[in-house]
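Peer 1: Compute the structure for the input listed below.
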Amino acid sequence: MPSIFSRIVSGELPAYKVAEDGQHLAFLDITPLVEGHTLVIPKREIDYIFDLPPAELAALHVFAQRVAKGVQAAVPCQRIGVAVVGLEVPHAHIHLIPMNKVADMNFANPKTTVAPERMQALAAAIAAQVDGGSGLAEAAASAAPAAPANDATVQQLQKLTAGLNFVSESEAPLEAVSYAAPAGDLAPAALLKALGEPAGPKVSTKELTDFLSQHTADNGVLHDAALANRYKALQVYLKQELDGVQVYLLGPGPQIHAYALGRDANGRLAGFKTVLTQT
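Peer 2: Next comes the predicted model:
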């Protein structure tokens, strides 16, 4: 399943964001050691930080440097401590911790409770101090527009995908989605932008029937004829109601964002998204 941090990146879960760019996100830890304790993550989900390619690892630390300077400017402290633990959430992340003494970095210390109003104020204060700008306004402006609340295609997709999981080396829920489609062909860069995904990951494609084959077969991975029939119904709907349905696979793994998309009657990209795990 997607990590809690990936769900923050996708907008499924809220966070007190302090900085963002196309590949990275920084937000306040909701169980901080001290006020201003900030987490810096790559948007691409990868469990172990040292499994990041060298260029991505370097870019993450450069982004963290900008955020750390913002934290230090907004929160009175002598230094910003840096820690990588990586045991509590299976998504690479860096802790930036305002510190006045070494003991402030002790993860065995009781966590601090900070009121939501104070968290909002801290996030805004840090964002205002990030060198080169926080990027939050730009990220919000470029986010993919949501489908209208009464969109009939999305409503039907929500019914068809409710409770369904994609089973690979782990399980991930299917989520109905709809995006404003870019004009012309779906070139990789345009597709990534439309989906609100960071630029850079390789985009490959797969035929929908092939992608769902283990789930639609009566004796497939689910071993449940009723569930297999639900996947068949979803597959039939996508193929009959959407034009040019294709599965788009983003990145090399181990966790690949997968989007099954076609154009609906209003020209939007609609379908479902999930996560394919391959190690």
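
Peer 1: residue contacts, the nearest residue to residue 197 once chain neighbours are set aside?
Peer 2: Leaving out its chain neighbours, the residue that sits closest to residue 197 by CB to CB, 6 or more residues apart in numbering is residue 250, at 6.1 Å. (Each C-beta comes from the backbone N, C-alpha and C, glycine too.) By CB atoms under 8 Å, 6 or more residues apart in numbering, residue 250 lies in contact with 192, 197, 201-203, 256-259.

Peer 1: same thing with residue 75?
Peer 2: Neighbouring residues of residue 75 by CB under 8 Å, 6+ apart: 35-36, 98, 122, 125-126.

Peer 1: Tabulate these (TSV), appending neighbour count.
Peer 2: As requested, these are exported to TSV (neighbours: other CB atoms under 10 Å):
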residue	neighbour count
35	16
36	27
98	23
122	22
125	16
126	29
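
Peer 1: Show me the helices in this protein, by range?
Peer 2: Under the criterion DSSP state H, helices of the chain are mapped to 4-9, 54-74, 116-129, 136-142, 152-161, 188-195, 208-211, 213-216, 225-241.

Peer 1: And the last one, what does it pack against?
Peer 2: For helix 225-241, the elements it packs on are helix 152-161, helix 208-211, helix 213-216, judged by 3 or more CB pairs under 8 Å, 6 or more residues apart in numbering; DSSP states H and E.

Peer 1: got the ones you listed as JSON lines, with mean neighbour count and distance to residue 114 columns?
Peer 2: Listed next are the helices and strands packed on helix 225-241 as JSON lines, based on neighbours: other CB atoms under 10 Å; distance: least, CB to CB, whole Å:
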{"stretch": "helix 152-161", "mean neighbour count": "18", "distance to residue 114": "35"}
{"stretch": "helix 208-211", "mean neighbour count": "15", "distance to residue 114": "43"}
{"stretch": "helix 213-216", "mean neighbour count": "18", "distance to residue 114": "43"}
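
Peer 1: can you redo those as a markdown table with distance to residue 11 and mean pLDDT?
Peer 2: Conversion of these to a markdown table gives the following (distance: least, CB to CB, whole Å; pLDDT from 0 to 100):
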| stretch | distance to residue 11 | mean pLDDT |
| --- | --- | --- |
| helix 152-161 | 15 | 93 |
| helix 208-211 | 24 | 96 |
| helix 213-216 | 26 | 92 |
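
Peer 1: Those: which one's closest to residue 51?
Peer 2: helix 208-211 (25.3 Å; CB to CB).

Peer 1: what's in contact with the closest one?
Peer 2: Residues outside helix 208-211 that contact it (CB under 8 Å, 6+ apart): 216, 235, 238-239, 245-247, 258, 260.
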